[in-house]
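**Student:** Need coordinates for the following:
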Amino acid sequence: MAANREEILANFQACTGLENLDECIMLLDQNDWDLQRAVTNVLPMDIAPVESMPEPSIGPPPPPSSQFYGSSSHFDGFDPPEFQFHRGPVISTPSGSMSFQSTGAFEPPPVVPLLPPIVPTPSSSFASGGGGPGPSTSIASNSNYGEPNRKRLLNFDVEYRERTIPVSIPDSETVGTIKAVLFGEINVSPDKQILRGFPGTGVDPKDDVRLFTLNLPKETRLFLLTPEVTNPTVTRPQQPNGDNPQFLERLQQNYKLIITHQDERKEFSLNFPGSRTIQEVKQDVDTLIDVPVRQQEWRGWPNSTGNDDSLTLAACGLDYPCHRLSVSRHSQSHNRSKPMNLSTDAASESDEEYEDACLPYDDQDMFVDDVQQRKFEPLLPSNVDDITSALIHFSQEFSSRYSEQHPVFYLGPIEDAFKEAFNVPAKDRKLLSIYIHHDTSVQSNVFCSQVLCSETIVSYLNQNFVNWAWDITGDENKAKLLNWCAQHFGSVAASTVRSFRTDQFPLFLVVMKVRSNTEVFKVLQGNTSLDELMTNLINAVDVFTEHQQSEIREETEREERELMKKEQDEAYQASLAIDRAKEEKRRAEEEEQQRKDQMEREKREREERERQEAEEQKEAIRLSLEEQLPDEPPDTCTEPITTIRVKLPNGDNVTRKFLAQHPLQILLNYVASKGYQTDDYKVLTNWPKRDLSRLDCTKSLEAMGMFPQDTVFVEER
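**Tutor:** You can find the predicted model right below:
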């Protein structure tokens, strides 16, 4: 099944010319992979596919270098229609072969017309810039020997001398097939042909190399060299030969043409490749100065051109890199636009008729001045980079062309128009109208001037719609619009727009958004009358209003729910804030209490430490004093001895003997050695009442009247 789908996909691409695989797969999915139905839906309705020819029997494949099979293109039983511009007859060979004879001559098979006249369409190799006019040869093979599952039609523009020969063949064919086709055009046998310019190849591929092995793009430019042929019948001897390397280099160079428009006093600086023909240059200049090619009078072309507009710039002898030219409108074209003088005689009238007859004539020759006065600029430029600027130009040109009274077009990308119409509250939403213009449609002027610019239509559109417009006259702008339609509306809408014929334009699309889906509600063609358009607009607004009211109710209910939820959330947040405040206050109080407890603890520790240090200091002093005390005199001492009894604050009594000659300080040191220093305690005598610690400590105990015995009291100060 997968292989079958690949074949269907390849056939679909060959029929439609679409190269985007994702788009092709999407279109086939929409048509359940029915190839015939998919091709019918994609191709324009006014183009009928060419009848397929019966497939001839296929025998074993011969060597590619000696013969090839030719028929209309077949892909597994399906004959895809061909839609190409052919610059000459389409030839096809029967199942017979082209072969070389022993003499080396190349004998072509008889040319048998197998196809009816082909309808030209834009999917041609001519549109790819293939050069000047010339016959186009399309040869397809039905041999599947060594071919991939997916076949592609390759287009070659072969540059040979001053000619460009287009060749279209499937990639299952060989390089020799290209040479065989060229043989029918230039009458030079393939063994004398050298093809150069195959991309990605360092050497020239051999004749038996299949094209699909070269991985070629769809469009390829080749150069044909015939070094053994000096003067073929198809070329002019005075023109450069294609096998000249310098000429090949000139074909790839860019020529700068400085063209002066004599009538308008304007100068244009244009760059063209060397492969561009003089005719193509004149056609390009026509788009700049609005002077048809038949009415252009040129000065500055080299004399070697011989008024042959099919020559390339590289072959006509232009100055490189810059060449100056001048162009003006043919003087006779001005004379024809002037009023006829009825007083002229018959001879002068005959002369004027003869002069007119000398010029090419077509429908545009009638009322030349009148047409020029009514000629307008395109609504959109061809190469649009800034969408906003392009739409401003569209609006201004629309106003000057049709009426100042027209719908207010949204000046911005279509994505922004979507946001303006739909990405707003339901009560503010509007419908989106998309006006698709095509300048070549005869209905455009009537629809715009008489319908779209009607006061009632303009008022109703501006009130109920966001209006957006685009011009698809140019292929690039059309591709942009189809891409946007596929992105925003889906491939079905893009296919619908693509399927309309040019004469059915302009289109008026009414787009609405229902819930989350954006859909095209109505597609109106350019033949719609004022009443029909108004009726459809009112109907669309009624349907949209019904959905809008429902969405407004739902949006109101949703807003009420969201408001209630918001209030509940705010109340909850307020409650949380209160709880957080309480928690923070409690935490702060706890931290403050912990700080106070810490300070109190540190204070107690400090005081305890200080107390211990004081006690240690006192103990050290006591021990020091105790060591400094003289020994208590023994009973056998012959010196006078006094006995002192000391009453301590704790109620204890201690008695010690001292020499009568010992100073009072010895007694005070003894009391201090018991832990009662004179700084904190007083040493008192009962009679007479006195504080010994305040007296002269150097006097002896005997002098103090404390001999032979006495009693002292220790009290806290």
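
**Student:** Could you point out which residue ranges in this protein have low pLDDT?
**Tutor:** Residues of the chain that meet the criterion pLDDT under 70 lie in 1-3, 44-150, 162, 200-202, 230-245, 247, 304, 306, 331-376.

**Student:** for it, longest helix please?
**Tutor:** helix 530-628 (DSSP state H).

**Student:** Summarise which helices and strands it is packed against.
**Tutor:** The contact analysis (3 or more CB pairs under 8 Å, 6 or more residues apart in numbering; DSSP states H and E) places helix 530-628 against strand 431-437, helix 455-464, strand 507-514, strand 517-524, helix 664-673. (Glycine included, C-beta is placed from N, CA and C.)

**Student:** Go again with 10 Å.
**Tutor:** In terms of contacts (3 or more CB pairs under 10 Å, 6 or more residues apart in numbering; DSSP states H and E), helix 530-628 is packed against strand 431-437, helix 455-464, strand 465-471, strand 507-514, strand 517-524, helix 664-673.

**Student:** Heading C-terminal from the last one, find the next helix or strand.
**Tutor:** So that's helix 664-673. Next along the chain after helix 664-673, taking DSSP states H and E as the criterion, comes strand 681-685.

**Student:** Equivalent analysis for the third one, please.
**Tutor:** Heading C-terminal from strand 465-471, the first helix or strand you meet, by DSSP H and E, is helix 475-488.

**Student:** Checking Val712 next. Helix, strand or coil?
**Tutor:** When classified by DSSP: H, G, I helix; E, B strand; the rest coil, Val712 comes out as strand.

**Student:** List the contacts of it.
**Tutor:** By CB atoms under 10 Å, 6 or more residues apart in numbering, the residues touching Val712 are 644-647, 667-668, 671, 682-686, 690, 692, 706.

**Student:** Go ahead and measure how far the helix or strand hosting Ile258 is from the middle of the chain.
**Tutor:** Using DSSP H and E, Ile258 maps to strand 254-261. When distances are taken as CA atoms, centre = their mean, to the nearest Å, strand 254-261 is centred 35 Å away from the chain's centroid.

**Student:** I'd like the distance between Arg324 and Thr277.
**Tutor:** Computed as CB to CB, to the nearest Å, the Arg324 to Thr277 distance reads 19 Å.

**Student:** mind listing what Ala421 touches?
**Tutor:** For Ala421, the contacting residues are 410, 428-433, 465-468, 511-513, 518, by CB under 10 Å, 6+ apart.

**Student:** ok, 8 Å please
**Tutor:** Neighbouring residues of Ala421 by CB atoms under 8 Å, 6 or more residues apart in numbering: Arg429, Lys430, Leu431, Leu432, Phe465, Val466, Val511, Lys513.

**Student:** quick one: the third one and Gln463 touch, right?
**Tutor:** What that stands for is Leu431. No. Leu431 is not in contact with Gln463 according to CB atoms under 8 Å; the separation is 10.5 Å.

**Student:** Among the two, which residue is more densely surrounded?
**Tutor:** The neighbour comparison of Leu431 against Gln463 (other CB atoms under 10 Å) goes to Leu431, with 24 against 9.

**Student:** Could you check how far that one is from Leu537?
**Tutor:** Leu431 is 8 Å from Leu537, where distance means CB to CB.

**Student:** anything in contact with each of those two?
**Tutor:** Residues within reach of Leu431 and of Leu537 at once, by CB under 8 Å, 6+ apart, are Asn464, Phe465, Val510.

**Student:** Show me what the second one bridges to in the sheet.
**Tutor:** Phe465 forms beta bridges with Leu431, as assigned by DSSP bridges.

**Student:** residues near it, how many?
**Tutor:** Phe465 has 24 neighbours, counted by other CB under 10 Å.

**Student:** and what of the first one?
**Tutor:** If you count neighbours by other CB under 10 Å, Asn464 ends up with 16.

**Student:** do the last one as well
**Tutor:** A count of nearby residues for Val510, using other CB under 10 Å, gives 22.

**Student:** Check the one 3 residues further on too.
**Tutor:** The tally of other residues near Lys513 (other CB under 10 Å) stands at 22.

**Student:** That'll do, ta.
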